[in-house]
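Engineer: Sequence first, then the predicted structure, then my questions.
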Amino acid sequence: MLSSIAGKCLHKVGVKPRDSRDELGRWRMFPFDPEHHLISGLIEEYSWLWIDAYSAHAEGLGCCSDTAVSFHYVSPNLMYILEYFIYQLRPYGVVPFSQRDMSRNDTGKVDP
């Protein structure tokens with residue numbers, strides 16, 4: 001409902017719809033929670049998504065752009081979980097780029 005109202009407002013001020021998919025054709029904005037898009041088969045076969053979508057939508061791990069913008073129906077609890085996974089969790093052995101020692105030259109080339 002809110003997306004529909006926002007769309008009408010944007011139309012009234014002259015904003016034209018554009019294709020927001022990434023260079024691989026993957027969606028960036030999603031009408032359901034992440035679970036429904038990332039796990040194949042959770043979106044009903046005759047869902048409005050398959051009928052009304054401007055472009056084809058894939059299901060499963062390859063469905064979503066690496067530069068995704070939004071998911072609808074994300075509960076507050078899931079927001080906390082996602083915040084942890086995105087902004088705090090660092091897999092063992094992976095050093096964030098901001099903490100790397102940039103003074104070392106690991107290329108094997110001599111600096112001029």
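Structural biologist: All right, it came through fine. Numbers count the residues shown, from 1 in each chain.

Engineer: The spatially closest residue to Phe30 that is not a sequence neighbour and Val94, how far apart?
Structural biologist: Nearest in space to Phe30, with sequence neighbours left out and distances taken as CB to CB, 6 or more residues apart in numbering, is Phe71 at 4.6 Å. Glycine gets a C-beta too; all of them are placed from N, C-alpha and C. With distances taken as CB to CB, to the nearest Å, Phe71 is found 25 Å from Val94.

Engineer: Those two: who's more crowded?
Structural biologist: For Phe71 and Val94, the more surrounded residue by other CB atoms under 10 Å is Phe71, and the numbers stand at 19 against 8.

Engineer: tell me the phi and psi of the more buried one?
Structural biologist: As for Phe71, its main-chain torsions (degrees, to the nearest 10) stand at phi -130, psi 140.

Engineer: Surely it and Phe32 touch.
Structural biologist: Yes. Under the criterion of CB atoms under 8 Å, Phe71 makes contact with Phe32 at 7.1 Å.
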